[in-house]
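[1] Everything below, folded, please.
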Amino acid sequence: MPDISYHPSPIGIDHGMVAAWASGGYYTIFDCRTGAIFNTEGTDYPWSSAGGFGAYAWASAYGMVFRFAYNYVYAFNWTDGKIVWKYEAPAYAPFESPYNDGNGTAVYSFNQGCTIADGKMYIANTEHTPTYPLTRGWGVHCIDIFTGKLIWKLDNPMSPGGMEDGYMCFGNSWDGTMYVMGKGQTKTTVTAPDVAVSLGSSVVIKGTVLDQSPAEPDTACVSKDSMDQQMEYLHLGQPIGGIWNNVTVIGVPVSLTAIGENGTVVDLGTVTSDGYSGVFSKVWTPPNQDNYKILANFVGDDSYWSSMSTTAVSVGPAPTHEPPVTIPTPVDNTNLIYYTLAAVIVAIIIGIVAVLLALRKH
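    Residues are numbered from 1 along each chain as shown. The predicted structure follows:
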């Protein structure tokens, strides 16, 4: 009987309506004000349709009621029962999961409730009776509640817990540790040459942007697209290049500005720090003789609070150019020496001949 309740747990009330998950693979919704009853759209074969495989749990938020099944997480509109979105977690390789989305794609299963806050749903992969070692690729997912798109995922099925002031707790049954996720403090540094440089010379401005969170102090800050990889590497025993060694970790943008003594502002542009060391650098040729203040600013993002630092560059006058010293070219007397030597030799020979002739006459 498709309208028989699947289980007492996935039954809840919100918006003046009651939703009960039916064994037919849909919610039956009862309007407490009007008495109207209707069914939502049906879910997908084979792991969430008739039989209703999924969590003994339900959730409601932002005008939607949710279902957590072995192949998808579903969002239904409370008012008309239409499926707003459905989210799946494809397996990293074929046959890594016995479950599929009905189209032959292996997927990781969902079989527990979620935590919803700030327009996001947090939910972990599991099944009714997990066996150890747990399935590779299971993880905790952060899903955009309005679009059903993945925001981030960590390859570890942590259980979402309580949250407050922008931070959320996750329990990890693998290592018995409680993790707290949220924005991290940062520290930006910047340096330049400690001696004055001549006008026209280039200087190297360099520094770092480092995470100051208690769990990973003085590690490189990384872009939000690299954050899941960075956290898996630092805390969850995953390789820095990903399980397929095909991931590159990217750093964060740092804007550099020079301010002269008279307030003149020179935009030096934006550089990206190295995702592995946190180091950034910029080669700059100051345009004028001046004492510049150099500002390095990381504005922060969804993962980090902002930070900035300053240094100085002193630019002196351009070097004076003395006229080149002209060194006279030495005279080559080699031929003159040869000619003089030859003349002397000839004179000697003539003298000898004259003496011989005079002796013969006597």
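[2] Without its sequence neighbours, what residue ends up closest to Gln70?
    Heads up, residue 70 is Tyr, not Gln. Setting aside the residues directly before and after it, Tyr70 is nearest to Trp47 in space (C-beta to C-beta, 6 or more residues apart in numbering), at 3.6 Å. For the C-beta atoms, the positions are set from N, CA and C on the backbone; glycine is no exception.
[3] for that neighbour, what are its contacts?
    Taking C-beta atoms under 8 Å, 6 or more residues apart in numbering as the criterion, Trp47 is in contact with Phe53, Gly54, Ala69, Tyr70, Asn71, Tyr99, Asn100, Gly102, Ser109.
[4] Ser309 too?
    Thr188, Thr189, Val190, Gly207, Leu295, Ala296.
[5] now the fifth one, which residues is it bridged with?
    For Leu295, the residues forming beta bridges with it (DSSP bridges) are Thr257, Thr310.
[6] Where do the domain boundaries of this structure fall?
    Domain assignment of the chain by automatic domain parsing yields the ranges 11-181, 186-316.
[7] Mind putting the ones you listed into TSV with mean pLDDT and distance to Ile4?
    Converted to TSV, the domains of the chain look like this (pLDDT from 0 to 100; distance: least, C-beta to C-beta, whole Å):
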stretch	mean pLDDT	distance to Ile4
domain 11-181	92	5
domain 186-316	96	41
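[8] closest to Thr326 out of the ones you listed?
    Closest to Thr326 of the domains of the chain is domain 186-316 (C-beta to C-beta; 26.1 Å).
[9] check which helix or strand covers Asp175.
    Using DSSP states H and E, Asp175 maps to neither a helix nor a strand.
[10] Rebuild the domains of the chain as a markdown table, extending it with distance to Pro324.
    A markdown table is the format used below for the domains of the chain (distance: least, C-beta to C-beta, whole Å):
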| stretch | distance to Pro324 |
| --- | --- |
| domain 11-181 | 65 |
| domain 186-316 | 19 |
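[11] where along the stretch 251-362 of the chain do the strands fall?
    Applying DSSP state E, counting those that start in this stretch to the stretch 251-362 of the chain gives strands spanning 265-274, 279-284, 291-298, 307-316.
[12] Distance-wise, check His268 relative to Asp290.
    If you look again at residue 268, you'll see it is Leu, not His. 14 Å (C-beta to C-beta, to the nearest Å).
[13] What of Trp47?
    For Trp47, the distance to Asp290 - C-beta to C-beta - is 69 Å.
[14] try Gly260
    For Gly260 relative to Asp290 (C-beta to C-beta), the value is 5 Å.
[15] that older thread, how about the contacts of Trp47 in JSON lines, adding neighbour count and secondary structure?
    Shown next, in JSON lines, are the contacts of Trp47 (neighbours: other C-beta atoms under 10 Å; DSSP: H, G, I helix; E, B strand; the rest coil):
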{"residue": "Phe53", "neighbour count": "21", "secondary structure": "coil"}
{"residue": "Gly54", "neighbour count": "28", "secondary structure": "strand"}
{"residue": "Ala69", "neighbour count": "24", "secondary structure": "strand"}
{"residue": "Tyr70", "neighbour count": "24", "secondary structure": "coil"}
{"residue": "Asn71", "neighbour count": "29", "secondary structure": "coil"}
{"residue": "Tyr99", "neighbour count": "22", "secondary structure": "strand"}
{"residue": "Asn100", "neighbour count": "18", "secondary structure": "strand"}
{"residue": "Gly102", "neighbour count": "16", "secondary structure": "coil"}
{"residue": "Ser109", "neighbour count": "26", "secondary structure": "coil"}
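[16] Kindly tell me how buried Thr257 is, as a neighbour count.
    Residues within reach of Thr257, counting by other C-beta atoms under 10 Å, total 17.
[17] next one: the one 5 residues further on
    Summarising burial for Asn262: neighbours were counted as other C-beta under 10 Å, giving 7.
[18] Thr285 now?
    Around Thr285 there are 11 residues (other C-beta under 10 Å).
[19] now swap in Gly269 and tell me
    Using other C-beta under 10 Å: Gly269 sits among 10 other residues.
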